[in-house]
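here is my input, please return the structure:
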Amino acid sequence: MRAGDFMDNFKFKIYYEDTDAEGIVYYANYLKYFERARTELIYDIGLNHKKIYENFGLRIVVKGCKIDFKKPAVFEDHLEVETKIIKISLVRIKMLQKIIKNTEILVSGEIDLVTINNKGSPKKMPKELFDCFNNSIS
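Below you'll find the predicted structure:
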């Protein structure tokens, strides 16, 4: 395991469909924003979920998450998700994600991911895949 300074940023805007009747983002949508940002991080290191499954026979899935809601986002906000890999092993990846408006953190989360085979059982990443993730944080 190595920790580094690699951070991926994903920018987006809040649309009406993301909000409740008061124009406030529905809490479960933050999980979708985190997911999109994690997918973009995977793209940015030269991978994608389809390639990972086809080449290595595994999927990366969420095992758990801890979310801290500090302040709501609202309709038409322009936001950014910062995603950072903070810990990695052959079967687990831990990410820290923050949803930010300007410089203010609205929501933060620690996301625990695991690698599984097509039957849902844990499966170790091959060295080649592990190195792709590990090199992105060094």
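
C-alpha only now, for contacts and for neighbours.
Fine.

quick one, grab the pLDDT at residue 21.
At residue 21, the model reports a pLDDT of 93.

may I ask which helix or strand encompasses it?
For residue 21, there is no enclosing helix or strand under DSSP states H and E.

who's in contact with the residue nearest the centre of the chain?
In the chain, the centroid-proximal residue (Cα atoms, centre = their mean) is residue 38; its distance is 2.9 Å. For residue 38, the contacting residues are residue 83, by Cα atoms under 8 Å, 6 or more residues apart in numbering.

for the residue nearest to residue 20 when sequence neighbours are not counted, give its distance to residue 88.
Leaving out its chain neighbours, the residue that sits closest to residue 20 by Cα to Cα, 6 or more residues apart in numbering is residue 26, at 6.0 Å. Here the criterion is Cα to Cα, to the nearest Å. By it, residue 26 lies 31 Å from residue 88.

same question, residue 114
Taking Cα to Cα, one finds residue 114 at 10 Å from residue 88.

for those two, indicate the residue with more neighbours.
Each of residue 114 and residue 88 has its neighbours counted (other Cα atoms under 10 Å); residue 114 has more, 23 against 20.

quick check, that one in contact with residue 122.
Yes: with contacts counted by Cα atoms under 8 Å, residue 114 reaches residue 122, the gap being 7.2 Å.

any residues in contact with both of the two?
residue 91.

contacts made by the longest strand seen in the chain with the rest, please.
Longest strand of the chain, by residue count under DSSP state E: strand 104-116. For strand 104-116, contacts defined as Cα under 8 Å, 6+ apart pick out 30, 58-73, 91-100, 122-125.

could I get the buried residue list for that strand?
105-116 (16 or more other Cα atoms under 10 Å).

do the same with stretch 35-51
37-38, 40-42, 47.

got the angle for the helix or strand encompassing residue 32 vs strand 104-116?
In the assignment (DSSP H and E), residue 32 maps to helix 29-44. Per axes from the mean of the first three to the mean of the last three Cα atoms, to 10 degrees, the angle that helix 29-44 makes with strand 104-116 is 60 degrees.
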